[in-house]
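1. Quick one: sequence and predicted model below, then my questions.
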Amino acid sequence: MSKHSTADVISRDPFAIDIADLTVRRGKREVLHRLSASVEKGSITGLLGPSGCGKTTLMRSIVGTQIVASGTVTVLGQPAGSKDLRRRVGYVTQSPSIYPDLTVADNVSYFGALYGRSKSEVADAIEAVGLTGHAKNLGDQLSGGQQTRASLACALVAKPEILILDEPTVGLDPVLRVELWEHFHALAEQGTTLLVSSHVMDEAEHCEKLLLMRDGYLLAQLSPAELRATTNRQNTEEAFLELIRTHAEPALAGGA
Ligand SMILES: Nc1ncnc2c1ncn2[C@@H]1O[C@H](COP(=O)(O)OP(=O)(O)O)[C@@H](O)[C@H]1O
Ligand SMILES: [Mg+2]
């Protein structure tokens, strides 16, 4: 399933991201072990797993900022990190990255200008993350959660084809969290591909597809409904634990 002809990759490939046999070392440790996964175009894929399992490392590999030991990462038919992909792939890191001495509005306007976006598009991006009331605040006058949302607005205003969001809803209040997921769904309906990580398992219900990770291995790639059906558990946290219990770990099943 993960192998396609060149023609497929260019035209009909349903995958925005295709990862094959990816191995990554950080320091002396191997943190991703021959991982293969794919992300469908125009969908929300949740990358879920406990802290330290390799979510950020996998995302860095997709945006091309991670040195990989072996394997391939193909994004929109091109090798990850290709120059052409820079404008097409948006990445919001786990720790907020905004200019502390600029206002929210100026931060987002700056990125808007880079991508030729209008004033109203800048306002829309700020509205989408619920920061309209704080648009005139400086970056360093914001709380941690507000800084995360400001970073997200900077990525949204670019309107990339793929959005890679590393734990964007961590530390947000429940109402805001729901609103953000609604916005992500609206983006996916317009054709944007979203890969969203979380260590909170109940975020799974917002996603169409799940990549479940543990200790640098992909445990499963399935839909939330399939996860519930295969584990016979309604609660995602319990389903994840059941998956770990019932499935032999890839390492033991005869991997690297
Ligand atoms: N800069 C680094 N140098 C060495 N090891 C790292 C570095 N960053 C992360 N790691 C290790 O890589 C593994 C995966 O980390 P990470 O991808 O950040 O996981 P997650 O995002 O799921 O919490 C962890 O064991 C972590 O300790
Ligand atoms: Mg992380």
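-> In hand now; what should we look at? Ligands and ions are numbered 1, 2, ... in the order given.

2. Is the host helix or strand of Leu22 in proximity to ligand 2?
-> Secondary structure from DSSP states H and E places Leu22 in strand 15-26. No - figure legend: strand 15-26 not in contact with ligand 2 (C-beta under 5 Å from the ion); closest approach 11.9 Å. For glycine as for every other residue, the C-beta is placed from the backbone atoms N, C-alpha and C.

3. Could you pull up the mean pLDDT of that strand?
-> The pLDDT scores in strand 15-26 average 97.

4. can you check stretch 183-197 too?
-> 96.

5. then it to PDB, C-alphas only?
-> The C-alpha coordinates for stretch 183-197 follow below in PDB (Å, rounded to 0.1, in the frame of the first residue of the first chain):
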ATOM      1  CA  HIS A 183     -11.600  25.400  13.000                       C
ATOM      2  CA  PHE A 184      -9.300  22.500  12.100                       C
ATOM      3  CA  HIS A 185     -12.300  20.600  10.800                       C
ATOM      4  CA  ALA A 186     -13.300  23.600   8.700                       C
ATOM      5  CA  LEU A 187      -9.800  23.700   7.300                       C
ATOM      6  CA  ALA A 188      -9.800  20.000   6.400                       C
ATOM      7  CA  GLU A 189     -13.100  20.400   4.700                       C
ATOM      8  CA  GLN A 190     -11.500  23.100   2.500                       C
ATOM      9  CA  GLY A 191      -8.800  20.600   1.600                       C
ATOM     10  CA  THR A 192      -6.100  21.300   4.100                       C
ATOM     11  CA  THR A 193      -4.200  18.300   5.500                       C
ATOM     12  CA  LEU A 194      -3.700  18.400   9.200                       C
ATOM     13  CA  LEU A 195      -1.400  16.300  11.300                       C
ATOM     14  CA  VAL A 196      -2.000  17.200  15.000                       C
ATOM     15  CA  SER A 197      -0.100  15.600  17.900                       C
END
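
6. got the buried residues for it?
-> Neighbour counts over stretch 183-197 (16 or more other C-beta atoms under 10 Å) mark His183, Phe184, Leu187, Ala188, Thr192, Thr193, Leu194, Leu195, Val196, Ser197 as buried.

7. would you turn those into a markdown table with distance to ligand 1 and secondary structure?
-> Shown next, in a markdown table, are those (distance: C-beta to the nearest ligand atom, whole Å; DSSP: H, G, I helix; E, B strand; the rest coil):
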| residue | distance to ligand 1 | secondary structure |
| --- | --- | --- |
| His183 | 23 | helix |
| Phe184 | 19 | helix |
| Leu187 | 23 | helix |
| Ala188 | 22 | helix |
| Thr192 | 22 | coil |
| Thr193 | 20 | strand |
| Leu194 | 17 | strand |
| Leu195 | 13 | strand |
| Val196 | 13 | strand |
| Ser197 | 7 | strand |
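
8. filter the residues you listed down to the ones near ligand 2?
-> Under the cut-off given by C-beta under 5 Å from the ion, ligand 2 has nothing from the buried residues of stretch 183-197 close to it.

9. list the contacts for the residue of the stretch 51-200 of the chain found nearest ligand 2?
-> Closest contact between the stretch 51-200 of the chain and ligand 2, by C-beta to the ion, is at Thr56 (3.2 Å). Taking C-beta atoms under 8 Å, 6 or more residues apart in numbering as the criterion, Thr56 is in contact with Gln94, Asp166, Ser197.
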